[in-house]
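Participant: For reference, the sequence and a predicted model appear below.
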Amino acid sequence: SLERVEGTLRLGAPDEREDAATAPPVDALGSLARAALPSLRSVGGIVVEGNDALAHLSLPALEGVEQTGVRVRFNPRLETLSDAFPRLVKVVGPFVVGGGQRILRRRERDERGVTRLVEYGRAPRHGNDVLRNVELPALVYGEALEIGDNPALRTVDAPAVTKLVALSLSGSAQLRSASFERLESLGGAGWEGGLALTSTPAVQLFTPRLATVHGRLALSDTAFADLTMLASLVQVNGFVVLFGNSRLTSLRGLEGLRSVEQLQLQYNDALKSLAGLDGLEVVLGGVSLEGNGLETAELPRLRSVDKVEVLQELNLRRLALPALERAPGGVFVRECEALEALAFPRLATTGALHLAAGSAPLPEVAFPLLREATGALEVAETLGSFAPLGSLERVGGDLRVRSSLLADSAIQAFVAQLRARRGIGGVVDATGVP
(Lines give C-alpha, C1' and ligand atoms only; values in the text may rest on other atoms or scores of the structure.)
Protein backbone atom coordinates (compact mmCIF):
# COMPACT_ATOMS: atom_id res chain seq x y z
CA SER A 1 0.00 0.00 0.00
CA LEU A 2 3.03 2.37 -0.01
CA GLU A 3 2.14 5.39 -2.17
CA ARG A 4 4.88 7.96 -1.61
CA VAL A 5 8.58 8.07 -0.71
CA GLU A 6 9.90 11.60 -0.20
CA GLY A 7 13.52 10.52 -0.34
CA THR A 8 15.25 7.77 -2.29
CA LEU A 9 13.88 4.28 -2.79
CA ARG A 10 16.92 2.05 -2.81
CA LEU A 11 17.00 -1.59 -3.81
CA GLY A 12 20.45 -3.13 -3.50
CA ALA A 13 23.96 -1.93 -2.84
CA PRO A 14 24.73 1.65 -1.70
CA ASP A 15 25.66 4.43 -4.05
CA GLU A 16 29.24 5.72 -4.03
CA ARG A 17 27.99 9.18 -2.99
CA GLU A 18 26.27 7.89 0.16
CA ASP A 19 28.01 8.17 3.50
CA ALA A 20 29.13 4.70 4.49
CA ALA A 21 27.82 5.12 8.04
CA THR A 22 24.22 5.57 6.91
CA ALA A 23 24.14 3.40 3.78
CA PRO A 24 22.45 -0.01 4.02
CA PRO A 25 24.57 -3.16 4.07
CA VAL A 26 25.85 -4.34 0.70
CA ASP A 27 23.96 -7.64 0.95
CA ALA A 28 20.72 -6.16 2.29
CA LEU A 29 18.74 -7.12 -0.81
CA GLY A 30 21.26 -9.26 -2.60
CA SER A 31 18.89 -12.24 -2.91
CA LEU A 32 15.85 -10.24 -4.05
CA ALA A 33 14.43 -11.84 -7.22
CA ARG A 34 11.31 -9.74 -7.71
CA ALA A 35 10.57 -6.14 -6.72
CA ALA A 36 7.00 -4.90 -7.10
CA LEU A 37 5.44 -1.86 -5.44
CA PRO A 38 1.96 -1.72 -6.98
CA SER A 39 0.70 1.45 -5.24
CA LEU A 40 3.77 3.69 -5.32
CA ARG A 41 2.88 6.92 -7.20
CA SER A 42 5.66 9.35 -6.28
CA VAL A 43 9.26 9.09 -5.14
CA GLY A 44 12.21 11.41 -4.66
CA GLY A 45 14.65 9.09 -6.40
CA ILE A 46 15.16 5.45 -7.32
CA VAL A 47 18.32 3.36 -7.16
CA VAL A 48 18.18 -0.26 -8.29
CA GLU A 49 21.78 -1.34 -8.11
CA GLY A 50 23.83 -4.42 -7.39
CA ASN A 51 21.01 -6.96 -7.10
CA ASP A 52 22.54 -10.26 -8.19
CA ALA A 53 19.22 -12.15 -8.28
CA LEU A 54 16.77 -9.46 -9.42
CA ALA A 55 14.91 -10.56 -12.56
CA HIS A 56 11.72 -8.49 -12.42
CA LEU A 57 11.04 -4.86 -11.48
CA SER A 58 7.51 -3.45 -11.45
CA LEU A 59 6.32 0.01 -10.38
CA PRO A 60 2.99 0.10 -12.25
CA ALA A 61 1.49 3.16 -10.52
CA LEU A 62 4.59 5.39 -10.44
CA GLU A 63 3.97 8.74 -12.16
CA GLY A 64 6.76 11.03 -10.99
CA VAL A 65 10.37 11.02 -9.77
CA GLU A 66 10.74 14.40 -8.10
CA GLN A 67 14.36 14.95 -7.03
CA THR A 68 17.35 12.75 -7.85
CA GLY A 69 16.33 10.66 -10.84
CA VAL A 70 16.52 6.94 -11.52
CA ARG A 71 19.53 4.66 -11.65
CA VAL A 72 19.36 0.99 -12.72
CA ARG A 73 22.83 -0.59 -12.76
CA PHE A 74 24.72 -3.81 -12.04
CA ASN A 75 21.72 -6.15 -12.04
CA PRO A 76 23.07 -9.18 -13.92
CA ARG A 77 19.74 -11.08 -14.18
CA LEU A 78 17.39 -8.23 -15.00
CA GLU A 79 16.09 -9.00 -18.50
CA THR A 80 13.61 -6.24 -19.28
CA LEU A 81 12.35 -2.81 -18.31
CA SER A 82 9.39 -3.10 -20.68
CA ASP A 83 6.82 -3.09 -17.87
CA ALA A 84 8.76 -1.51 -15.02
CA PHE A 85 7.58 2.10 -15.46
CA PRO A 86 4.34 1.99 -17.53
CA ARG A 87 2.84 5.23 -16.06
CA LEU A 88 5.99 7.26 -15.39
CA VAL A 89 5.43 10.74 -16.88
CA LYS A 90 8.17 12.97 -15.47
CA VAL A 91 11.67 12.44 -14.11
CA VAL A 92 13.64 15.18 -12.35
CA GLY A 93 17.29 14.23 -12.36
CA PRO A 94 19.16 11.76 -14.59
CA PHE A 95 17.63 8.48 -15.71
CA VAL A 96 20.57 6.08 -15.94
CA VAL A 97 20.44 2.52 -17.21
CA GLY A 98 23.97 1.30 -17.51
CA GLY A 99 27.40 0.45 -16.25
CA GLY A 100 30.42 2.22 -14.96
CA GLN A 101 32.65 1.51 -12.02
CA ARG A 102 31.31 -0.66 -9.24
CA ILE A 103 32.46 0.44 -5.79
CA LEU A 104 33.68 -2.55 -3.78
CA ARG A 105 32.95 -2.23 -0.06
CA ARG A 106 33.01 -4.36 3.07
CA ARG A 107 31.68 -3.83 6.56
CA GLU A 108 34.26 -3.06 9.22
CA ARG A 109 34.12 -1.89 12.83
CA ASP A 110 36.07 1.21 13.80
CA GLU A 111 37.88 1.82 17.09
CA ARG A 112 34.60 2.88 18.70
CA GLY A 113 32.87 -0.31 17.66
CA VAL A 114 30.75 1.44 14.98
CA THR A 115 30.15 -0.63 11.86
CA ARG A 116 30.90 1.22 8.64
CA LEU A 117 31.15 0.35 4.99
CA VAL A 118 34.76 0.76 3.82
CA GLU A 119 35.77 0.99 0.17
CA TYR A 120 38.49 -1.49 -0.73
CA GLY A 121 38.54 -1.26 -4.52
CA ARG A 122 36.77 -0.46 -7.78
CA ALA A 123 35.92 -2.62 -10.75
CA PRO A 124 34.40 -1.81 -14.15
CA ARG A 125 31.13 -3.64 -14.72
CA HIS A 126 28.54 -3.96 -17.40
CA GLY A 127 25.37 -2.10 -16.68
CA ASN A 128 22.86 -4.94 -16.73
CA ASP A 129 24.25 -8.05 -18.40
CA VAL A 130 21.10 -9.57 -19.91
CA LEU A 131 18.83 -6.52 -20.20
CA ARG A 132 17.18 -6.65 -23.64
CA ASN A 133 14.84 -3.66 -23.77
CA VAL A 134 13.97 -0.37 -22.13
CA GLU A 135 10.45 0.98 -22.61
CA LEU A 136 9.12 4.20 -21.12
CA PRO A 137 5.67 4.43 -22.73
CA ALA A 138 4.28 7.38 -20.74
CA LEU A 139 7.39 9.51 -20.19
CA VAL A 140 6.83 13.07 -21.45
CA TYR A 141 9.69 14.99 -19.82
CA GLY A 142 13.05 13.98 -18.44
CA GLU A 143 16.46 15.48 -17.76
CA ALA A 144 19.32 13.21 -18.82
CA LEU A 145 18.47 9.80 -20.26
CA GLU A 146 21.75 7.88 -20.18
CA ILE A 147 21.77 4.29 -21.42
CA GLY A 148 25.16 2.63 -21.74
CA ASP A 149 27.22 -0.53 -21.36
CA ASN A 150 24.32 -2.97 -21.49
CA PRO A 151 25.80 -5.70 -23.72
CA ALA A 152 22.51 -7.50 -24.56
CA LEU A 153 20.33 -4.41 -25.05
CA ARG A 154 18.32 -4.51 -28.29
CA THR A 155 15.67 -1.77 -28.14
CA VAL A 156 14.96 1.55 -26.43
CA ASP A 157 11.52 3.09 -26.85
CA ALA A 158 10.09 6.30 -25.37
CA PRO A 159 7.19 7.13 -27.71
CA ALA A 160 5.63 9.98 -25.69
CA VAL A 161 8.66 12.01 -24.63
CA THR A 162 8.75 15.52 -26.14
CA LYS A 163 11.69 17.09 -24.31
CA LEU A 164 14.89 15.83 -22.76
CA VAL A 165 17.87 17.77 -21.52
CA ALA A 166 20.33 15.11 -22.68
CA LEU A 167 20.12 11.80 -24.50
CA SER A 168 23.12 9.48 -24.40
CA LEU A 169 23.36 5.97 -25.85
CA SER A 170 26.73 4.27 -25.55
CA GLY A 171 28.62 1.01 -25.34
CA SER A 172 25.75 -1.26 -26.38
CA ALA A 173 26.94 -3.23 -29.40
CA GLN A 174 23.66 -5.15 -29.82
CA LEU A 175 21.38 -2.11 -29.72
CA ARG A 176 19.28 -2.18 -32.89
CA SER A 177 16.58 0.44 -32.38
CA ALA A 178 16.24 3.65 -30.37
CA SER A 179 12.89 5.29 -30.98
CA PHE A 180 11.76 8.70 -29.74
CA GLU A 181 8.99 9.50 -32.18
CA ARG A 182 7.65 12.66 -30.44
CA LEU A 183 10.94 14.11 -29.21
CA GLU A 184 11.11 17.77 -30.30
CA SER A 185 14.02 19.26 -28.38
CA LEU A 186 17.13 18.38 -26.42
CA GLY A 187 18.95 20.63 -23.96
CA GLY A 188 18.22 23.27 -21.38
CA ALA A 189 19.78 26.09 -19.38
CA GLY A 190 22.43 25.14 -16.86
CA TRP A 191 22.98 21.61 -18.23
CA GLU A 192 25.42 20.22 -20.72
CA GLY A 193 22.69 18.73 -22.83
CA GLY A 194 22.35 17.36 -26.31
CA LEU A 195 22.56 14.06 -28.15
CA ALA A 196 25.47 11.63 -27.85
CA LEU A 197 25.74 8.22 -29.52
CA THR A 198 28.97 6.36 -28.82
CA SER A 199 30.01 2.78 -29.65
CA THR A 200 26.56 1.74 -30.81
CA PRO A 201 27.56 0.31 -34.20
CA ALA A 202 24.22 -1.28 -35.10
CA VAL A 203 21.66 1.22 -33.82
CA GLN A 204 18.96 2.83 -35.95
CA LEU A 205 17.81 6.11 -34.43
CA PHE A 206 14.22 7.29 -34.92
CA THR A 207 13.69 10.98 -34.06
CA PRO A 208 11.35 12.31 -36.77
CA ARG A 209 10.36 15.51 -34.88
CA LEU A 210 13.67 16.57 -33.33
CA ALA A 211 14.13 20.23 -34.30
CA THR A 212 16.52 21.79 -31.75
CA VAL A 213 19.56 20.67 -29.80
CA HIS A 214 20.81 23.03 -27.11
CA GLY A 215 24.15 21.41 -26.41
CA ARG A 216 26.29 18.97 -28.33
CA LEU A 217 25.44 16.64 -31.17
CA ALA A 218 28.06 13.91 -30.97
CA LEU A 219 28.11 10.69 -32.99
CA SER A 220 31.03 8.30 -32.60
CA ASP A 221 31.49 4.71 -33.83
CA THR A 222 28.02 4.34 -35.30
CA ALA A 223 26.89 2.48 -38.42
CA PHE A 224 25.01 5.37 -39.99
CA ALA A 225 25.49 5.75 -43.75
CA ASP A 226 23.86 9.18 -43.65
CA LEU A 227 22.10 11.43 -41.14
CA THR A 228 18.60 11.41 -42.58
CA MET A 229 17.22 10.44 -39.16
CA LEU A 230 18.07 14.06 -38.18
CA ALA A 231 16.33 15.62 -41.18
CA SER A 232 13.95 17.63 -38.97
CA LEU A 233 16.88 19.31 -37.18
CA VAL A 234 17.15 23.08 -37.75
CA GLN A 235 19.22 24.32 -34.82
CA VAL A 236 22.22 23.14 -32.80
CA ASN A 237 23.36 25.61 -30.15
CA GLY A 238 26.53 23.72 -29.40
CA PHE A 239 29.16 21.43 -30.88
CA VAL A 240 28.55 19.09 -33.81
CA VAL A 241 31.09 16.28 -33.48
CA LEU A 242 31.27 13.32 -35.86
CA PHE A 243 34.17 11.02 -34.95
CA GLY A 244 35.15 7.60 -36.22
CA ASN A 245 31.94 6.72 -38.04
CA SER A 246 33.48 4.34 -40.55
CA ARG A 247 30.33 3.80 -42.66
CA LEU A 248 29.25 7.43 -42.90
CA THR A 249 29.25 8.37 -46.58
CA SER A 250 27.00 11.44 -46.52
CA LEU A 251 25.91 14.30 -44.28
CA ARG A 252 22.48 14.23 -45.90
CA GLY A 253 19.96 15.08 -43.21
CA LEU A 254 21.69 18.22 -41.91
CA GLU A 255 20.37 20.50 -44.66
CA GLY A 256 18.29 22.49 -42.19
CA LEU A 257 21.24 23.64 -40.08
CA ARG A 258 22.09 27.34 -40.33
CA SER A 259 24.23 27.92 -37.25
CA VAL A 260 26.33 25.81 -34.87
CA GLU A 261 28.87 26.63 -32.20
CA GLN A 262 31.59 24.27 -33.41
CA LEU A 263 31.93 21.76 -36.25
CA GLN A 264 34.35 18.84 -35.84
CA LEU A 265 34.56 16.05 -38.41
CA GLN A 266 37.34 13.58 -37.64
CA TYR A 267 38.27 10.12 -38.92
CA ASN A 268 35.10 9.36 -40.84
CA ASP A 269 36.86 7.27 -43.46
CA ALA A 270 34.05 6.90 -46.00
CA LEU A 271 32.95 10.54 -45.99
CA LYS A 272 33.80 12.07 -49.39
CA SER A 273 32.23 15.56 -49.21
CA LEU A 274 30.42 18.04 -46.98
CA ALA A 275 27.23 17.89 -49.02
CA GLY A 276 24.38 18.19 -46.55
CA LEU A 277 25.89 21.22 -44.83
CA ASP A 278 25.12 23.50 -47.79
CA GLY A 279 22.85 25.70 -45.68
CA LEU A 280 25.36 26.33 -42.87
CA GLU A 281 26.00 30.08 -42.54
CA VAL A 282 27.59 30.69 -39.13
CA VAL A 283 29.99 28.70 -36.96
CA LEU A 284 30.66 30.64 -33.76
CA GLY A 285 33.78 28.64 -32.95
CA GLY A 286 35.84 26.61 -35.37
CA VAL A 287 35.53 24.22 -38.27
CA SER A 288 37.89 21.27 -37.85
CA LEU A 289 38.40 18.62 -40.54
CA GLU A 290 40.91 15.89 -39.77
CA GLY A 291 41.67 12.46 -41.13
CA ASN A 292 38.42 11.92 -43.02
CA GLY A 293 38.05 10.49 -46.52
CA LEU A 294 37.11 13.88 -47.96
CA GLU A 295 37.79 14.54 -51.63
CA THR A 296 36.08 17.95 -51.66
CA ALA A 297 35.25 20.26 -48.77
CA GLU A 298 32.94 23.11 -49.66
CA LEU A 299 30.66 25.17 -47.44
CA PRO A 300 29.03 27.48 -49.98
CA ARG A 301 27.07 29.71 -47.55
CA LEU A 302 29.43 29.88 -44.60
CA ARG A 303 30.13 33.56 -44.08
CA SER A 304 31.34 33.69 -40.47
CA VAL A 305 33.62 31.38 -38.52
CA ASP A 306 36.29 31.89 -35.89
CA LYS A 307 38.83 29.32 -37.11
CA VAL A 308 39.27 26.88 -39.98
CA GLU A 309 41.57 23.88 -39.46
CA VAL A 310 42.12 21.23 -42.13
CA LEU A 311 44.66 18.58 -41.16
CA GLN A 312 45.73 15.29 -42.73
CA GLU A 313 42.95 15.14 -45.29
CA LEU A 314 45.04 12.97 -47.59
CA ASN A 315 42.45 12.61 -50.38
CA LEU A 316 41.27 16.22 -50.38
CA ARG A 317 41.50 17.89 -53.79
CA ARG A 318 39.42 21.03 -53.29
CA LEU A 319 38.81 23.25 -50.24
CA ALA A 320 36.41 26.13 -50.88
CA LEU A 321 34.62 28.59 -48.62
CA PRO A 322 33.30 31.05 -51.21
CA ALA A 323 31.18 33.18 -48.85
CA LEU A 324 33.57 33.45 -45.91
CA GLU A 325 34.56 37.05 -45.12
CA ARG A 326 36.47 36.78 -41.84
CA ALA A 327 38.13 34.16 -39.65
CA PRO A 328 39.57 35.89 -36.54
CA GLY A 329 41.02 32.67 -35.15
CA GLY A 330 42.89 31.87 -38.35
CA VAL A 331 43.02 29.51 -41.31
CA PHE A 332 45.27 26.43 -41.05
CA VAL A 333 45.78 23.93 -43.88
CA ARG A 334 48.34 21.19 -43.20
CA GLU A 335 49.29 17.79 -44.61
CA CYS A 336 46.82 17.62 -47.47
CA GLU A 337 49.11 16.18 -50.14
CA ALA A 338 46.44 15.73 -52.82
CA LEU A 339 45.11 19.29 -52.59
CA GLU A 340 44.79 21.08 -55.92
CA ALA A 341 42.51 24.05 -55.16
CA LEU A 342 42.25 26.40 -52.21
CA ALA A 343 39.51 29.01 -52.68
CA PHE A 344 38.62 31.79 -50.25
CA PRO A 345 37.47 34.45 -52.75
CA ARG A 346 35.77 36.78 -50.21
CA LEU A 347 38.04 36.42 -47.21
CA ALA A 348 39.18 39.90 -46.17
CA THR A 349 40.74 39.33 -42.75
CA THR A 350 42.00 36.37 -40.79
CA GLY A 351 43.99 35.70 -37.66
CA ALA A 352 46.90 33.45 -38.46
CA LEU A 353 47.29 31.97 -41.94
CA HIS A 354 49.25 28.72 -42.15
CA LEU A 355 49.65 27.06 -45.55
CA ALA A 356 51.51 23.76 -45.40
CA ALA A 357 49.36 21.50 -47.54
CA GLY A 358 52.04 19.47 -49.27
CA SER A 359 55.27 19.40 -51.23
CA ALA A 360 53.92 20.54 -54.61
CA PRO A 361 52.55 23.97 -55.56
CA LEU A 362 48.77 24.14 -55.74
CA PRO A 363 47.41 24.80 -59.24
CA GLU A 364 44.65 27.03 -57.85
CA VAL A 365 44.94 29.31 -54.82
CA ALA A 366 42.57 32.24 -54.35
CA PHE A 367 42.71 34.89 -51.62
CA PRO A 368 41.95 37.91 -53.86
CA LEU A 369 40.45 40.16 -51.14
CA LEU A 370 42.68 39.25 -48.22
CA ARG A 371 44.04 42.46 -46.71
CA GLU A 372 45.20 41.47 -43.25
CA ALA A 373 46.42 38.51 -41.22
CA THR A 374 46.38 39.69 -37.61
CA GLY A 375 48.43 36.69 -36.48
CA ALA A 376 51.36 34.84 -38.02
CA LEU A 377 51.71 34.01 -41.71
CA GLU A 378 53.46 30.70 -42.39
CA VAL A 379 54.10 29.25 -45.82
CA ALA A 380 55.72 25.82 -46.20
CA GLU A 381 55.71 24.71 -49.83
CA THR A 382 52.06 24.96 -51.11
CA LEU A 383 52.55 28.24 -53.06
CA GLY A 384 54.40 28.50 -56.35
CA SER A 385 54.31 32.29 -56.11
CA PHE A 386 52.98 35.03 -53.86
CA ALA A 387 50.48 36.22 -56.46
CA PRO A 388 47.49 34.71 -54.53
CA LEU A 389 48.46 36.95 -51.59
CA GLY A 390 48.99 40.04 -53.72
CA SER A 391 46.32 42.05 -51.87
CA LEU A 392 47.79 41.39 -48.43
CA GLU A 393 48.77 44.63 -46.68
CA ARG A 394 49.66 43.60 -43.16
CA VAL A 395 50.86 40.62 -41.13
CA GLY A 396 50.32 41.26 -37.42
CA GLY A 397 52.54 38.44 -36.18
CA ASP A 398 55.61 36.62 -37.44
CA LEU A 399 56.25 35.91 -41.11
CA ARG A 400 57.77 32.48 -41.75
CA VAL A 401 58.50 31.09 -45.20
CA ARG A 402 60.11 27.68 -45.68
CA SER A 403 59.66 26.63 -49.28
CA SER A 404 61.84 25.21 -52.01
CA LEU A 405 59.18 26.31 -54.49
CA LEU A 406 59.82 30.02 -54.03
CA ALA A 407 62.93 31.85 -55.20
CA ASP A 408 64.74 34.05 -52.72
CA SER A 409 64.05 37.06 -54.91
CA ALA A 410 60.30 36.38 -54.80
CA ILE A 411 60.38 36.08 -51.00
CA GLN A 412 62.36 39.33 -50.72
CA ALA A 413 59.91 41.14 -52.98
CA PHE A 414 56.94 39.91 -50.95
CA VAL A 415 58.50 41.04 -47.66
CA ALA A 416 59.36 44.43 -49.17
CA GLN A 417 55.78 44.78 -50.40
CA LEU A 418 54.38 44.20 -46.91
CA ARG A 419 56.87 46.56 -45.29
CA ALA A 420 55.95 49.25 -47.81
CA ARG A 421 52.27 48.85 -46.96
CA ARG A 422 51.11 48.39 -43.38
CA GLY A 423 54.03 46.28 -42.26
CA ILE A 424 54.91 43.10 -40.38
CA GLY A 425 54.29 43.05 -36.64
CA GLY A 426 56.61 40.18 -35.72
CA VAL A 427 59.82 38.48 -36.73
CA VAL A 428 60.63 37.72 -40.36
CA ASP A 429 62.03 34.20 -40.74
CA ALA A 430 62.35 33.58 -44.46
CA THR A 431 65.02 32.23 -46.77
CA GLY A 432 66.99 34.99 -48.47
CA VAL A 433 65.65 37.80 -46.25
CA PRO A 434 68.01 39.60 -43.86
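Facilitator: Nice, I can see it. Numbering: from 1, shown residues only.
Participant: okay, CA-based contacts and neighbour counts for the rest of this
Facilitator: Will do.
Participant: Sketch out the low-pLDDT regions of the stretch 1-150 of the chain for me.
Facilitator: In the predicted model, the stretch 1-150 of the chain carries pLDDT under 70 at residues 13-31, 99-107, 114-126.
Participant: got it, and the stretch 151-300 of the chain?
Facilitator: 189-192.
Participant: Do a quick rundown of the strands in it.
Facilitator: In the stretch 151-300 of the chain, the segments counted as strands under DSSP state E, counting those that start in this stretch are 155-157, 163-170, 177-179, 185-187, 194-200, 204-206, 212-214, 216-222, 235-236, 239-243, 259-260, 262-266, 282-290, 296-298.
Participant: What's the first helix or strand after the last one?
Facilitator: What that stands for is strand 296-298. strand 304-311 (DSSP states H and E).
Participant: What is that following strand packed up against?
Facilitator: Contacts defined by 3 or more CA pairs under 8 Å, 6 or more residues apart in numbering; DSSP states H and E place strand 304-311 against strand 282-290, strand 326-327, strand 330-334.
Participant: would JSON lines of the ones you listed with distance to Ala152 be doable?
Facilitator: Listed next are those as JSON lines, based on distance: least, CA to CA, whole Å:
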{"stretch": "strand 282-290", "distance to Ala152": "33"}
{"stretch": "strand 326-327", "distance to Ala152": "47"}
{"stretch": "strand 330-334", "distance to Ala152": "43"}
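Participant: closest to Pro345 out of those strands?
Facilitator: Nearest to Pro345 among the helices and strands packed on strand 304-311 is strand 326-327 (11.2 Å), distances taken as CA to CA.
Participant: Report all helices and strands that the closest one contacts.
Facilitator: By 3+ CA pairs under 8 Å, 6+ apart, strand 326-327 packs against strand 304-311, strand 349-350.
Participant: May I see these arranged in TSV, with distance to Ser177 and mean neighbour count as well?
Facilitator: What follows is the helices and strands packed on strand 326-327, written out as TSV (distance: least, CA to CA, whole Å; neighbours: other CA atoms under 10 Å):
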stretch	distance to Ser177	mean neighbour count
strand 304-311	34	21
strand 349-350	45	22
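Participant: picking that back up, out of the strands of the stretch 151-300 of the chain, which comes closest to Leu377?
Facilitator: strand 282-290 (18.6 Å).
Participant: what's that closest one in contact with?
Facilitator: Residues from elsewhere that reach strand 282-290 (CA atoms under 8 Å, 6 or more residues apart in numbering): 258-267, 302-313, 329.
Participant: let's go with 7 Å and repeat that
Facilitator: When contacts are defined by CA atoms under 7 Å, 6 or more residues apart in numbering, strand 282-290 is touched by residues 258-267, 302-313.
Participant: Specify the angle between it and strand 239-243 in degrees.
Facilitator: Relative orientation of strand 282-290 and strand 239-243, computed by axes from the mean of the first three to the mean of the last three CA atoms, to 10 degrees: 20 degrees.
Participant: now strand 282-290 and strand 262-266, what's the angle there?
Facilitator: Per the same axes, to 10 degrees, the angle that strand 282-290 makes with strand 262-266 is 20 degrees.
Participant: which intervals of the stretch 301-434 of the chain have sub-threshold pLDDT?
Facilitator: Within the stretch 301-434 of the chain, the stretches with pLDDT under 70 are 432-434.
Participant: now the helices for it?
Facilitator: Taking DSSP state H, counting those that start in this stretch as the test, the helices found in the stretch 301-434 of the chain are 408-420.
Participant: And the strands in it?
Facilitator: Under DSSP E, counting those that start in this stretch, the stretch 301-434 of the chain gives strands at 304-311, 318-320, 326-327, 330-334, 341-343, 349-350, 353-356, 364-366, 372-373, 377-380, 394-395, 399-402, 423-424, 428-430.
Participant: hang on, Leu40 packs against Ile46?
Facilitator: No - when contacts are counted by CA atoms under 7 Å, Leu40 is not listed as touching Ile46 (11.7 Å).
Participant: about what we covered before: Gly397 is nearest to which of the helices and strands packed on strand 304-311?
Facilitator: It's strand 330-334; of the helices and strands packed on strand 304-311, that one is closest to Gly397 (CA to CA) at 11.9 Å.
Participant: on contacts alone, who are the packing partners of the closest one?
Facilitator: Applying 3 or more CA pairs under 7 Å, 6 or more residues apart in numbering; DSSP states H and E, one finds that strand 330-334 contacts strand 304-311, strand 353-356.
Participant: Which residues does the first one contact?
Facilitator: It stands for strand 304-311. 281-291, 324-336.
Participant: again, only this time at 6 Å
Facilitator: For strand 304-311, the surrounding residues in contact (CA atoms under 6 Å, 6 or more residues apart in numbering) are 282-290, 324, 327-335.
Participant: what's the answer for the shortest one, then?
Facilitator: Counting contacts by CA under 6 Å, 6+ apart, the residues outside strand 353-356 that touch it are Gly330, Val331, Phe332, Val333, Arg334, Leu377, Glu378, Val379, Ala380, Thr382.
Participant: Pull the contacting residues for the nearest residue to Ala275 once chain neighbours are set aside.
Facilitator: Counting by CA to CA, 6 or more residues apart in numbering, Ala275 lies nearest to Leu251, which is 6.1 Å off, once chain neighbours are set aside. By CA under 6 Å, 6+ apart, the residues touching Leu251 are Asp226, Leu227, Gly276.
Participant: just Leu389 next, same as before
Facilitator: Applying CA under 6 Å, 6+ apart, no residues qualify as near Leu389.
Participant: do that again at 10 Å, thanks
Facilitator: Applying CA atoms under 10 Å, 6 or more residues apart in numbering, we find Leu389 in contact with Val365, Ala366, Phe367, Pro368, Leu369, Leu370, Arg371, Leu383, Phe414.
Participant: From Val331, how far off is it?
Facilitator: Separation of Leu389 from Val331 (CA to CA, to the nearest Å): 14 Å.
Participant: again, but for Lys90
Facilitator: With distances taken as CA to CA, Lys90 is found 46 Å from Val331.
Participant: Same question for Asp306.
Facilitator: 9 Å.
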